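Asks: need a structure here:
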Amino acid sequence: MATLVKRGISVLHKLQANRLFIYSFHRSSMSTFLIEDQKYSWLKDLGLQKDNLGVFNGQWMGSGEITTSTCPTNNQAIANVTQGSSSDYEKTIEACKRAWNVWADVPAPQRGEIVRQVGDALRKKKKLLGMLESLEMGKILPEGEGEVQEYIDICDYAVGLSRMFSGKVIPSERPGHLLLENWNPVGVVGVITAFNFPSAPYGWNAAIAMVCGNVMLWKGAPSTPLTSIAVTKVMESVLTENNLPGAVASMICGGADIGTLLAKDKRVDLLSFTGSIPAGHKVSMMVHERFGKCILELGGNNAILVLDDANVEMVVRAALFACVGTTGQRCTTTRRLILHEKLYDEIVEKLKKAYSRVPIGDPMEPGVLYGPMHSKQGVTQYTECIEEIKKAGGLIECGGKVIERSGNFVEPTLVTGLSHDSPLVHKETFAPITYILKTKNLEEAIAWNNEVDQGLSSSLFTNDIKNVYKWIGPKGSDCGIINVNIPTSGAEIGGAFGGEKHTGGGRESGSDAWKQYMRRATCTFNCSTDLPLAQGIKFE
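Replies: Alright, predicted model coming up:
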């Protein structure tokens, strides 16, 4: 009997030990989420939790795959998100259509008031949202907050626009007739954004499209879902306060499957896509197959051209930000430096010194100017490109290595020794790798600038107004953004943003980009009792 009792106690102890191990393991696994670390408790002030629903259409839901958002600085899990399924998508697009019936009847200035409130709500969360972008995307804090500010700025712009949509009254050739243009919203605007700017491009679209009378359906990048959720919660709060349907600002987290649904769906009246050229080409084909409308914001192979009269100090400062900022992961990042032969050696040496002094580290830490690549895939693309450069005879002037530390860190890299028409130079590698080329004159530099497939951003450094005239004229840069004495990156919201050729031809943000979110109707009114035909045609 005593033996049985001892065996029973032993079994009980083992069971208790197993339970303790399981409990400890569970606690340990849960503590691996940064959101449960006291250091990151501020994430909860954005409405985020360890487990988040990734679909909003007036209600929060999600029945798709569970994905984990990861911090690129240390590759630790931040929080989980339940993505949307095809069923969730169907519920959301139907909710969008119903919401449009309400939103389209709201007068444009009142829609502008709602967008103004969105801007104010974003102001209150600017610091937190900037911190989230730094944590989830990997950009430094000033850039994270700057991106949120860009969303705020376009809200302010859209408020004024809501009272200024300009149609035309056109002289009619027929007596007693009135000829004019009328602009109406297209309906549902789908927006697919990329990881490198997880909020601002949506803001460019949403602020303008909403004052135009459209409703939104947003799919952010699969690797930055928490930013999508946090921004949508801000918009939800404003819509709820004003007793408007939440589906006016719908959002669905997901991958290529959800993107394909958006591209192929006739109920999506306009689709804005930001991403790579290959992905954008696929999206464009799917949208045009159904005779839909799309705005494409794709890749760039941007160049800074430096003539022999340029201010060298300005060039070095500008190039440093344009090449190194956001760890080379902007669509407007400078990929090519085309330097006049007289200044080539001086600028290369000064750039190498500047690169060696760039503070690298946790992007959330003050003073850091260069953080991690967003993903391990980005690191792989970087290392593969470096090997190809070496095989092609390129010289690594500085950088070229993966940094041995936790996270996805690589060295910012300058490359010389490759020709202007090298396949590597013509290829956009989304990493901090810049090719330096030596040129003889402006005409040659312009030809090299224009010979790549992409046509997003370009910049010329010179102090001669004659050079500026050539640069911005018909035989100058063929890009959508043509700068003088400033970097290729850092566009303002007041101008239309976008590029030509393989960059996609789309325009978003300021200027008259609002016209893409509306359909134009030419209206003729007969205010007489006669029926004259145009062109003097008689049909009697």
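
Asks: Spatially central residue in this protein, please.
Replies: For the chain, Phe197 is the residue whose C-alpha lies nearest the centre (C-alpha atoms, centre = their mean; 3.6 Å).

Asks: Give me the pLDDT value at that residue.
Replies: The model reports Phe197 with a pLDDT of 98.

Asks: Without its sequence neighbours, what residue ends up closest to Lys127?
Replies: Distances taken as C-beta to C-beta, 6 or more residues apart in numbering place Glu145 nearest to Lys127, at 6.5 Å, with adjacent residues excluded. (Glycine included, C-beta is placed from N, CA and C.)

Asks: If you tally nearby residues, what's the number for the one you found?
Replies: Look at Glu145: counted by other C-beta atoms under 10 Å, it has 19 neighbours.

Asks: got it, and Tyr344?
Replies: 19.

Asks: same thing with Gly160?
Replies: Count around Gly160 with other C-beta under 10 Å applied: 11.

Asks: His177 now?
Replies: His177 sits with 16 neighbouring residues when counted by other C-beta under 10 Å.

Asks: so what's the backbone phi/psi at it?
Replies: Here the main-chain torsion angles of His177 (degrees, to the nearest 10) amount to phi -120, psi 150.

Asks: Could you list the low-pLDDT ranges of this protein?
Replies: In the prediction, the chain carries residues with pLDDT under 70 at positions 1-31.

Asks: Please repeat the previous calculation with a cut-off of 90.
Replies: 1-31, 165-167, 491, 540 (pLDDT under 90).

Asks: Surely the residue nearest to Lys127 and Gly130 touch.
Replies: Yes - judged on C-beta atoms under 8 Å, Glu145 makes contact with Gly130 at a distance of 3.3 Å.

Asks: so where do the helices sit in the stretch 51-200 of the chain?
Replies: Here the stretch 51-200 of the chain has its helices, by DSSP state H, counting those that start in this stretch, at 86-103, 108-124, 126-136, 141-161, 200-211.

Asks: wait, what's in contact with Thr326?
Replies: By C-beta atoms under 8 Å, 6 or more residues apart in numbering, the residues touching Thr326 are 139, 143, 196, 333, 489.

Asks: quick one: which of these is nearest Asn101?
Replies: The closest of these to Asn101 turns out to be Asn196 (C-beta to C-beta; 35.3 Å).

Asks: What sits closest to the closest one if chain neighbours are left out?
Replies: Closest residue in space to Asn196, ignoring its immediate chain neighbours: Gln329 at 4.6 Å, by C-beta to C-beta, 6+ apart.

Asks: surely that neighbour meets Phe430?
Replies: Yes - between Gln329 and Phe430 there is a contact at 5.8 Å, judged by C-beta under 8 Å.

Asks: Quickly list what's touching both of these two.
Replies: Residues touching both Gln329 and Phe430 (C-beta under 8 Å, 6+ apart) are 196, 378.

Asks: number of nearby residues for Glu492?
Replies: Residues near Glu492, counting by other C-beta under 10 Å: 10.

Asks: Let me see the contact set for the nearest residue to it once chain neighbours are set aside.
Replies: Excluding its sequence neighbours, the residue lying closest to Glu492 (C-beta to C-beta, 6+ apart) is Gly510, at 7.6 Å. Going by C-beta under 8 Å, 6+ apart, Gly510 touches 154, 157, 492-497.

Asks: Try it again at 7 Å.
Replies: Shown in contact with Gly510 (C-beta atoms under 7 Å, 6 or more residues apart in numbering): 157, 493-496.

Asks: Ramachandran angles for it?
Replies: Here the main-chain torsion angles of Gly510 (degrees, to the nearest 10) amount to phi -90, psi -150.

Asks: For Gly378, which three-state class applies?
Replies: Following DSSP: H, G, I helix; E, B strand; the rest coil, we place Gly378 in the helix state.

Asks: isn't it right next to Ala431, touching?
Replies: Yes - contact criterion C-beta atoms under 7 Å: Gly378 and Ala431 qualify, at 6.2 Å.

Asks: how about the helices of the stretch 401-540 of the chain, start to end?
Replies: Using DSSP H, counting those that start in this stretch, the helices of the stretch 401-540 of the chain run over 423-426, 442-450, 465-472.

Asks: Gln117: which of those is closest?
Replies: The closest of the helices of the stretch 401-540 of the chain to Gln117 is helix 465-472. By C-beta to C-beta, the value is 38.7 Å.

Asks: list the buried ones in the closest one?
Replies: Buried positions in helix 465-472, judged by neighbour count with 16 or more other C-beta atoms under 10 Å: 467-468, 470-471.

Asks: quick check, nearest of those to Tyr89?
Replies: Set against Tyr89, the nearest of those by C-beta to C-beta is Trp471 (45.7 Å).

Asks: quick one: that closest one from Val484, how far?
Replies: 7 Å (C-beta to C-beta, to the nearest Å).

Asks: And Pro198, by the same measure?
Replies: In this view, Pro198 and Val484 are 30 Å apart by C-beta to C-beta.

Asks: Who has more neighbours out of these two?
Replies: Pro198 (28 against 16).

Asks: What is the burial count for Pro107?
Replies: Pro107, neighbours per other C-beta under 10 Å, totals 11.

Asks: Could you do the one 4 residues further on as well?
Replies: When neighbours are defined as other C-beta under 10 Å, Arg111 has 23 of them.

Asks: Pretty sure it sits against Phe165.
Replies: No - with contacts counted by C-beta under 7 Å, Arg111 stays clear of Phe165, the gap being 11.0 Å.

Asks: residues touching Ser228, list them.
Replies: Counted by C-beta under 7 Å, 6+ apart, Ser228 has contacts 198, 218, 220, 251, 253.

Asks: Shouldn't it be within a helix?
Replies: Yes - Ser228: assigned to a helix according to three-state DSSP.
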